[in-house]
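Engineer: predicted coordinates and the sequence they were generated for:
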Amino acid sequence: MAGFTRKFVGDLRGSMSIEVDISEDNDWSGVLCLGMGGSGAGGLFLKSLSDDSGGLPFVVWSDYGVPSWWGPDWLVIAT
């Protein structure tokens, strides 16, 4: 695990140069990130970036299941 942590910054930089052929979707109501414990850390990191730059509501859900209010207009990321 320590090796993955040490390589994180390099992996992040490398990911910026990857071409991804996915059409852009701009009509999300918000982002729902699912993850508990250490798995939720990625969601908390993304939330801090979102909170800093504004934009869509970003919710980190650290419980079993999904919240009752989410719907198909939310982007869901399971970490």
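Structural biologist: Thanks, I have it. Because the structure is predicted, anything quoted here is derived from the model rather than measured.

Engineer: all helices of this protein, in order?
Structural biologist: 2-15, 41-53 (DSSP state H).

Engineer: please work out which of these is packed deepest.
Structural biologist: helix 41-53 (a mean of 13; mean count of other CB atoms under 10 Å). All C-beta atoms are positioned from the backbone trio N, CA, C, and that covers glycine.

Engineer: mean confidence score for that one?
Structural biologist: Mean pLDDT, helix 41-53: 84.

Engineer: from memory Trp28 sits against Gly71, does it?
Structural biologist: No. At 10.8 Å, Trp28 does not count as touching Gly71 under the criterion of CB atoms under 8 Å.

Engineer: more neighbours: which of the two?
Structural biologist: Trp28 (14 against 9; other CB atoms under 10 Å).

Engineer: gap between the more buried one and Phe45?
Structural biologist: 19 Å (CB to CB, to the nearest Å).
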